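Novice: Compute the structure for the input listed below.
(one chain, ligands or ions: 1)
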Amino acid sequence: MMRSIKVLFMLTLAVILLAACGGAAPAATEAPAEEAMEAETAAPAAKTYADLTLCYPQLGAESDWRTANSASIKQTAEDLGFNLIFSDAQQKQENQISAMRACIQQGVDVIALPPVVEDGWDAVLTEAKNAGIPVIIVDRSVSADQSLYAAHIGSDMHLEGERAAEEFNNKFPEGAQILELSGTTGSGAAVGRAEGFRSVLDDNIEILDSQTGNFTRAEALPVMQAFLQKYEPGTDFQGIFIHNDDMGIGAIEALKAAGVEPGDLFIVSVDGTRGGFQAMIDGWFQADVECNPLLGPQVAEMALALANGETIDREVLTNETVYYPDQAAELLPSRQY
Ligand code: AHR
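Specialist: Numbers count the residues shown, from 1 in each chain. Here you go, the predicted structure:
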């Protein structure tokens, strides 16, 4: 009996010693080696908004739409906590290019560019690409090769023009003569709206004259005054297609001064700002084609994805509609811009 207890004790001791020396040892030496390998191959930690610097060389402050667009990007930066480098180019492409170059020098993570005009971006977009900084084109389009920028977020300006034309087609099945107050010459917004408008406008509706008001109230006023010197409202023309609400408000000033009454002319504008809604309530605009400026959240989300090397959609178009006077009073209080 005593002998078998001794044998059992020896056996148990042997097992314990084996486990302590033989069994545990390899595991203890293997673990650090695996960790070291993992550390070597692991991807760098994903960037968060707190690590992100976004450059936004805004094109100007020409309209209520633009003010809302700037506010949207600034508010988004505040809400999400990323670093925003914002500038105002005062509608000058050379200022936007200088602002972009300064951002490239600073080594920002992403540039989001709302281009004032379509052409002339190739050089600076190439510089950003060579510096490894992705560029999101925001709002208006550029004519540069798609390989020079990461994506575009904004409105379908061509569709906006088409929607405006449908309003004139419905209003004037027998034909009419109309005027056009166009946006900034060479801008994606003005080019797209003008082309879309002409692509759908019925043949019996003639565009008598088209002049730019540069998307501002101040410049639209004298253009409308000059139109009224040349053409008799109601006789020579029955309607006006106006590329944005601010120019529409400038044009209304001129029309009022010339004795034109709300409803004498069929006026279709673009944007859907509070000013546009008020013009519908007052009877001046018969339709307002929506163009949404509240792009901040989408731009930020895409910028972070790009900074983390994720795949993104190259073309993100905003879902928009057309507003009419009968909804205007009800919707105006909830308009955000
Ligand atoms: O590019 C968007 C256009 O630019 C808006 O219609 C206009 O109001 C703004 O100035």
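
Novice: The stretch 101-250 of the chain: helices as residue ranges?
Specialist: With DSSP state H, counting those that start in this stretch as the criterion, the stretch 101-250 of the chain has helices at 122-130, 157-171, 188-200, 217-230, 245-257.

Novice: pLDDT score assigned to the closest residue in space to Ala131 that isn't next to it in sequence?
Specialist: On the basis of C-beta to C-beta, 6 or more residues apart in numbering, the spatially nearest residue to Ala131 that is not a chain neighbour turns out to be Ile104, at 5.0 Å. Just so you know, the C-beta spots here come from the backbone N, C-alpha and C atoms, and that holds for glycine as well. pLDDT for Ile104: 98.

Novice: Quick check: Ile104 touching Ala128?
Specialist: Yes. The criterion here is C-beta atoms under 8 Å, and Ile104 meets it with Ala128 at 5.7 Å.

Novice: list residues touching both of the two?
Specialist: Ile111 (C-beta atoms under 8 Å, 6 or more residues apart in numbering).

Novice: More neighbours: which of the two?
Specialist: More crowded of Ile104 and Ala128, by other C-beta atoms under 10 Å: Ala128, with 24 against 20.

Novice: Which per-residue confidence value corresponds to that one?
Specialist: With respect to pLDDT, Ala128 has a value of 98.

Novice: Count residues in the vicinity of the residue nearest to Asp202 when sequence neighbours are not counted, would you?
Specialist: Spatial nearest neighbour of Asp202, excluding adjacent residues (C-beta to C-beta, 6+ apart): Asn169 at 4.8 Å. When neighbours are defined as other C-beta under 10 Å, Asn169 has 15 of them.

Novice: contacting residues for Asn169?
Specialist: For Asn169, the contact set (C-beta under 8 Å, 6+ apart) comprises 200-202, 205.

Novice: Can you pull the residues of the stretch 1-150 of the chain lying near the ligand?
Specialist: 62-63, 65-66, 139-140 (C-beta under 6 Å from any ligand atom).

Novice: Take those residues and lay them out in CSV including pLDDT and distance to Gly263.
Specialist: Written out in CSV, the entries for these read as follows (pLDDT from 0 to 100; distance: C-beta to C-beta, whole Å):
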residue, pLDDT, distance to Gly263
Glu62, 98, 28
Ser63, 98, 25
Trp65, 98, 25
Arg66, 98, 29
Asp139, 98, 32
Arg140, 98, 32
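
Novice: For these, which single residue is the most surrounded?
Specialist: If you rank those by neighbour count (other C-beta under 10 Å), Asp139 sits at the top with 28 neighbours.

Novice: Quick check: the gap between that one and Leu332.
Specialist: In this structure, Asp139 and Leu332 are separated by 24 Å, where distance is defined by C-beta to C-beta, to the nearest Å.

Novice: one step back: mind checking which of the helices of the stretch 101-250 of the chain is nearest Val289?
Specialist: Between Val289 and these, the tightest spacing by C-beta to C-beta is seen for helix 157-171, at 4.9 Å.

Novice: how far out from the middle of the chain is that closest one?
Specialist: Taking C-alpha atoms, centre = their mean, to the nearest Å, one finds the center of helix 157-171 at 22 Å from the center of the full chain.

Novice: avg pLDDT for it?
Specialist: Averaging pLDDT along helix 157-171 gives 99.

Novice: Stretch 252-266 too?
Specialist: Mean pLDDT, stretch 252-266: 98.

Novice: Just the terminal-to-terminal distance for it.
Specialist: Using C-alpha to C-alpha, to the nearest Å, the end-to-end distance of stretch 252-266 comes to 12 Å.

Novice: can you check stretch 270-286 too?
Specialist: End-to-end distance for stretch 270-286: 11 Å, by C-alpha to C-alpha.

Novice: May I see the buried residues of it?
Specialist: Counting neighbours by 16 or more other C-beta atoms under 10 Å, one finds that the buried residues in stretch 270-286 are 270-280, 284-286.

Novice: ok, so what distance separates the closest residue to Leu255 other than its chain neighbours from the ligand?
Specialist: Take Leu255 and drop its neighbours on the chain: the residue closest to it by C-beta to C-beta, 6+ apart is Met224, 6.7 Å away. Distance, Met224 to the ligand, using C-beta to the nearest ligand atom, to the nearest Å: 17 Å.

Novice: show me the residues around Met224 that make contact.
Specialist: The neighbours of Met224, taking C-beta under 8 Å, 6+ apart as the test, are 181, 213, 250-251, 253-255.

Novice: Mind pulling up the pLDDT for Ala24?
Specialist: We have a pLDDT of 35 for Ala24.

Novice: I meant Glu35, not that one.
Specialist: Reported pLDDT for Glu35: 51.

Novice: Then Thr41?
Specialist: At Thr41, the predicted lDDT confidence score is 65.

Novice: What is the neighbour count of Gln177?
Specialist: Residues lying near Gln177 (other C-beta under 10 Å) number 17.

Novice: hang on, it packs against Gln238?
Specialist: Yes. Gln177 is within contact range of Gln238, at 6.4 Å (criterion: C-beta under 8 Å).
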